[in-house]
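> Below are the sequence and a predicted model; questions follow.
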Amino acid sequence: MQNARYQIYPEEYDCKIRNPNDLKLYSIGSGKAVAITGAPIVADEGQDNQKGSGSLHHSVQIDKAGNVWTQGDNTCNISGLGIGGSTIPFTQTKIGNAKQVIAYANSGDSPAGTQPNGLGYGNAVVTNDNKLILIGNTQSGFRGDGTEGNSAEPGPYVVQGITKTIKKAAVGSFIYLLYTDGTVDSWGGTRLKYYPTYCLGRGVDNPDPTRPGAMVFQEPIVDLEGGSNRTLFVGKSGKIYGVAYDYRYLGIPPGKAVNGNRPIDITSYLALPATPIQLAVGPNCNYALLPNGDAYAWGDNSHGEIGNGKEADAASFGYNIPWNSWLVPQYQPVKINPAGVSFVKIFASNGLAFYVYYEDTNANLWNNGRNKGFVLWNGIGGNSTQQASQPDLWNVPIVTVIAGFGTIAAAQPPVVSPTAPRNLVSVDLLFLGNKITIPASSFTNIKFDDGSSQ
């Protein structure tokens, strides 16, 4: 499989795309690609997709020098600089030496009207010197120090007690740290009441969510994706494990008995034809990319996120289909890439962005899902007040190709400038040790072994 050329960071009302031609960040929130003034030149990320991230109403990126930049909803001081304003443009934080960033919307069940209205915006940063730094909201026990945390940290907060080398993090309403030795620590979720038992996966009921604890796995873990209401893990053997407060997200049909306080081996439930080379997690659906370029999806398809042509009949819901509604369940993974099309990357976000992008082997872009805010770049969409005709004007329930920034030009051989013709002037012959120079005009009818003459 070839590397992806695009970097795409979905948000609810916006979608940030790094143009592979000029390397600038563009916003797709208006339904067309608009270069973002003041945005950093984002670092290359290859297949890892860890140098940038989008969430509900903000995003975060790492620039070429390893510095962290963020923009969007500033309710919780997402820059860590204490600057004012309800929103901020792209702003450089004080954090450098970064290797992974995650924009998260730390959801909870706090009463409406409280700060920050059940949602806490923040950014998680993993640095090359093995630190986990949080900027913005640290509620739900994110600090890992035994406290609830703060709705808005005054500055970047370094999580203490990390002694292993961090390979990758996943953050949403919970925090998961995958270490290079294959173990995983989990914590968070205080505002979700009973969820920590099911989502922290420590093998005990009611674990302490305010301090990191080891998850219980049958083998070393090599990858993870998620952090919100579910998280997927890949074992060294290729098996896929999952934790979730609702097992339907894991591909487990209702009525199946499972052990709820530890990660569940869901490999047999999914029955994918090959071990995925990438897993992606959206707010309602999961996606798997196989080595041959096939893409599969499963989960709650109410907003058309699966991409198989189905979606909920939203006439009775106006413009806002309820989240986690399970109006159109898809338990078994279904193949979604069109015939003859192979994907190289899937771009999704668990931060309530109910849509997904894909890149194929020819650098074409495809997408499907909810088009609120015109984020699917197809020239149509809906604003936040549009009502009854949502399914017809907003959603794209089947995987559909869009223009993007153009395709990869076919490789051409290097251009070789023609050389000027050379004329024979004379020939030097060595005869009995003496050099004899014969003018070219003395030669006539020169013949070659291919039958040609001159």
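All right, it came through fine. Numbers count the residues shown, from 1 in each chain.
> Let's see the distance spanning stretch 291-303 from one end to the other.
27 Å (C-alpha to C-alpha, to the nearest Å).
> Give the buried residues for it.
Gly293, Asp294, Ala295, Tyr296, Ala297, Trp298, Gly299, Asp300, Asn301, Ser302, His303 (16 or more other C-beta atoms under 10 Å). For glycine as for every other residue, the C-beta is placed from the backbone atoms N, C-alpha and C.
> SS state for the residue nearest to Thr190 when sequence neighbours are not counted?
The shortest distance from Thr190 to any non-neighbouring residue, by C-beta to C-beta, 6 or more residues apart in numbering, is to Gly141 (4.5 Å). Assigned by DSSP: H, G, I helix; E, B strand; the rest coil, the conformation of Gly141 is coil.
> Can you give me every residue that contacts Gly141?
Thr147, Glu148, Gly149, Trp187, Gly188, Gly189, Thr190, Pro209, Thr210, Arg211 (C-beta atoms under 8 Å, 6 or more residues apart in numbering).
> quick one: contacts for the closest residue to the first one other than its chain neighbours?
In space, and not counting its chain neighbours, Thr147 is closest to Thr210: 6.3 Å by C-beta to C-beta, 6+ apart. Neighbour list for Thr210: Gly141, Arg143, Gly144, Asp145, Gly146, Thr147, Glu148, Trp187, Thr190 [criterion: C-beta under 8 Å, 6+ apart].
> What is the neighbour count of Lys94?
Neighbour count of Lys94, defined by other C-beta atoms under 10 Å: 13.
> My guess is it contacts Leu81. True?
Yes: here Lys94 reaches Leu81: they are 7.1 Å apart, a contact under C-beta atoms under 8 Å.
> got any residues that touch both of these two?
Common neighbours of Lys94 and Leu81 (C-beta under 8 Å, 6+ apart) are Gly155.
> Looking at strand pairing, list the partners for the residue nearest the centre of the chain.
By C-alpha atoms, centre = their mean, the chain has its centre lying nearest to Phe347, at 4.4 Å. Per DSSP bridges, the residues bridged to Phe347 are Tyr357.
> Show me the shaky parts of the stretch 51-200 of the chain.
108-118 (pLDDT under 70).
> what do you get if the cut-off is 90, keeping everything else the same?
The model of the stretch 51-200 of the chain has pLDDT under 90 over residues 84-85, 106-120, 191-195.
> Break down it into its helices, ranges please.
Remark: helices assigned in the stretch 51-200 of the chain by DSSP state H, counting those that start in this stretch are 195-199.
> so where do the strands sit in it?
With DSSP state E, counting those that start in this stretch as the criterion, the stretch 51-200 of the chain has strands at 52-54, 58-62, 68-73, 87-92, 98-107, 119-127, 132-136, 157-158, 166-171, 175-179, 184-187.
> Name the spans of the stretch 201-350 of the chain whose pLDDT lies under the cut-off.
Per-residue confidence for the stretch 201-350 of the chain (pLDDT under 90) gives these ranges: 229, 245-246, 253-260, 283, 302-304, 310-329, 350.
> Need the distance between the two termini of stretch 33-41.
Stretch 33-41: ends 16 Å apart by C-alpha to C-alpha.
> Tell me the buried residues in it?
Buried, per 16+ other C-beta under 10 Å, within stretch 33-41: Ala33, Ile36, Ala39, Pro40.
> repeat for stretch 3-12
Under 16+ other C-beta under 10 Å, the buried positions of stretch 3-12 are Ala4, Arg5, Tyr6, Gln7, Ile8, Tyr9, Pro10, Glu11, Glu12.
> circling back: would you turn the buried residues of stretch 291-303 into TSV with secondary structure and distance to Ala274?
Below are the buried residues of stretch 291-303 laid out as TSV (DSSP: H, G, I helix; E, B strand; the rest coil; distance: C-beta to C-beta, whole Å):
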residue	secondary structure	distance to Ala274
Gly293	coil	11
Asp294	coil	8
Ala295	strand	12
Tyr296	strand	10
Ala297	strand	15
Trp298	strand	16
Gly299	strand	20
Asp300	strand	24
Asn301	coil	23
Ser302	coil	28
His303	coil	28
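> Of those, just say which sits nearest to Ile162.
For the buried residues of stretch 291-303, the closest approach to Ile162 (C-beta to C-beta) belongs to Gly299, at 31.5 Å.
> Look up how far His303 lies from the nearest residue to the closest one once chain neighbours are set aside.
The spatially closest residue to Gly299, leaving aside those adjacent along the chain, is Cys285, at 3.6 Å (C-beta to C-beta, 6+ apart). Distance from Cys285 to His303, counting by C-beta to C-beta, to the nearest Å: 9 Å.
> Kindly report the same for Arg262.
30 Å.
> Please apply the same query to Gly309.
13 Å.
> Ala169 now?
Ala169 is 27 Å from His303, where distance means C-beta to C-beta.
> the strands in the stretch 201-350 of the chain, which residues?
Along the stretch 201-350 of the chain, counting by DSSP E, counting those that start in this stretch, strands occupy 213-214, 221-226, 230-235, 240-244, 264-265, 278-281, 285-289, 295-300, 329-335, 343-347.
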